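Peer 1: pasted the sequence and its predicted model underneath.
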Amino acid sequence: MIALTHAGYLAAGWLGTAALVGGYALVVLRRGRRLSRHVPTEERRWS
Amino acid sequence: MTATTPAGPPSGPPPTAPAAGAAGAASTAGGDAGRRPPAGAGPAHTGSAATRVIGWLALASLALLVLYGLIISPADREMDDVVRLMYVHVPSATYLYLGCFLTTLASGMWLWKRTPGWDALAETGAEVALVFAFVTLLTGSLWGRPTWGTYWTWDARLTTTAVLTALLAGYLALRRLDVDPDARSTRAAVVGLLLVPNVVIVNRSVEWWRSLHQSATLARIDPTIEGDMLVALMVGFLALGLVFAWLTIHRFRVAWLEQQADRVDLDAALAARRAEAADGDPHEKVTPA
């Protein structure tokens, strides 16, 4: 890995972004899985 | 995007129209009333072939973004390597705007057509936009500290972005009020209509008021970025655009499922009341005699 100036800011920015977006994606997937069990298959037309 | 979503907003069935499936069966009187479909009756998730393709493309382009953004693209002459935050910050702000646009459009369509798909899309756009708003504020403040000397200042661009973020949070809070769903959606839609005018204010703020924030880099006749830095920024737009699309489709399906689950619960409650009433009828006939 090349040496970067402001490495702390870069790490916080890039890793923070990954955590925010990745965390939200996981929450959405879990909500989808939980709700899918309560909804008829006919209503899950993407399946 | 809507091509892969269930019954896209314009063609979604009205919220009161019972489906011919288990939800409809739940409304029939008898022992089956209120029974929920068995788990595993179908794929119990919000994924599909389209989302899997988009998801893999998003992961591949994110890897490319790391390569271009952190390794291949050069450091800036003035800002050094901290400029690499731009490859996340600028696309995030753009997709924040796009999410707001989706919500305003869908809010207007909900007020006009009253189809539940538009309502679900409005909620989806706002929630995904809020995530990108947090990313924009995070990367912006981290970029601001080494370049401006502060994480935050009440500058025109920063302040209007904070107001937009607060508006998105307020919109989503409004949607969680425990009131009549139609009234709730209508009130939220009115707030949703305010998002795009706010986006215009955020976007134009650097032109209208004195601002620490730089003006447009790309959206001008002579872009002030070129070479590998421009490529890295374009890869950022591609990668976060795919992430935005993936999140939007999944979140739309979650909103759809929430609407259907509410209907299944309502049908089950109605069926239970009908069953109670049916059981009570013989008593009512006997008592007067």
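Peer 2: Thanks, I have it. Numbers count the residues shown, from 1 in each chain, chains lettered A, B, ... in the order given.
Peer 1: return the distance of B:Ala60 relative to B:Leu70.
Peer 2: Distance of B:Ala60 to B:Leu70, given as CB to CB, to the nearest Å: 16 Å. For the C-beta atoms, the positions are set from N, CA and C on the backbone; glycine is no exception.
Peer 1: what stretches of the chain score poorly on pLDDT?
Peer 2: I'll assume chain A. Scanning chain A for pLDDT under 70 picks out the ranges A:1-2, A:47.
Peer 1: my question was about chain B, not that one.
Peer 2: Residue ranges of chain B with pLDDT under 70: B:1-43, B:216-223, B:281-289.
Peer 1: so which bits of stretch B:121-141 are buried?
Peer 2: Judged by neighbour count (16 or more other CB atoms under 10 Å in any protein chain shown), stretch B:121-141 contains these buried residues: B:121-141.
Peer 1: do that stretch and chain A meet?
Peer 2: Yes. Applying CB under 8 Å from any CB of the partner chain, one finds stretch B:121-141 touching chain A at B:Val131, B:Phe134, B:Val135, B:Leu138, B:Thr139.
Peer 1: contact partners for the last one?
Peer 2: By CB atoms under 8 Å, 6 or more residues apart in numbering or on different chains, the residues touching B:Thr139 are A:Gly13, A:Gly16, A:Thr17, B:Leu85, B:Val88, B:His89, B:Ser92.
Peer 1: please name the nearest non-neighbouring residue to it.
Peer 2: Closest residue to B:Thr139 apart from its sequence neighbours, by CB to CB, 6 or more residues apart in numbering or on different chains: B:His89 at 4.0 Å.
Peer 1: are we agreed that A:Arg45 is in a strand?
Peer 2: No. Per DSSP: H, G, I helix; E, B strand; the rest coil, A:Arg45 lies outside any strand segment and is coil.
Peer 1: number of residues surrounding the residue of the stretch 151-289 of chain B found nearest chain A?
Peer 2: The minimum distance from the stretch 151-289 of chain B to chain A, using CB to the nearest CB, falls at B:Leu257 (3.8 Å). Residues lying near B:Leu257 (other CB atoms under 10 Å in any protein chain shown) number 24.
Peer 1: quick one: what helix or strand has it in it?
Peer 2: Taking DSSP states H and E as the criterion, B:Leu257 maps to helix B:227-286.
Peer 1: now, the residues of stretch B:121-141 next to chain A that are in helices?
Peer 2: The members of these that map onto helices under DSSP state H are B:Val131, B:Phe134, B:Val135, B:Leu138, B:Thr139.
Peer 1: please identify which pair of those residues lies farthest apart.
Peer 2: B:Val131 and B:Thr139 (12.8 Å; CB to CB).
Peer 1: anything in contact with each of these two?
Peer 2: The contact sets of B:Val131 and B:Thr139 do not overlap (CB under 8 Å, 6+ apart).
Peer 1: now B:Asp80, what are its backbone angles?
Peer 2: The phi/psi pair for B:Asp80 (degrees, to the nearest 10) reads phi 60, psi -140.
Peer 1: before we move on, what about B:Asp76?
Peer 2: Taking degrees, to the nearest 10 as the convention, B:Asp76 sits at phi -80, psi 150.
Peer 1: so it sits against B:Val83, correct?
Peer 2: Yes. Assessed by CB atoms under 8 Å, B:Asp76 is found in contact with B:Val83 at 3.8 Å.
Peer 1: next, count neighbours for the residue lying closest to A:Val39 once chain neighbours are set aside.
Peer 2: Excluding the flanking residues, the one nearest A:Val39 by CB to CB, 6+ apart is B:Gln260, at 4.4 Å. Residues near B:Gln260, counting by other CB under 10 Å, number 25.
Peer 1: show me where chain A has helices.
Peer 2: A:7-36.
Peer 1: any residues of it in contact with chain B? List them.
Peer 2: Selection of chain A residues close to chain B by CB under 8 Å from any CB yields A:1-2, A:4-7, A:9-10, A:12-14, A:16-17, A:20-21, A:24-25, A:28-29, A:31-33, A:35-47.
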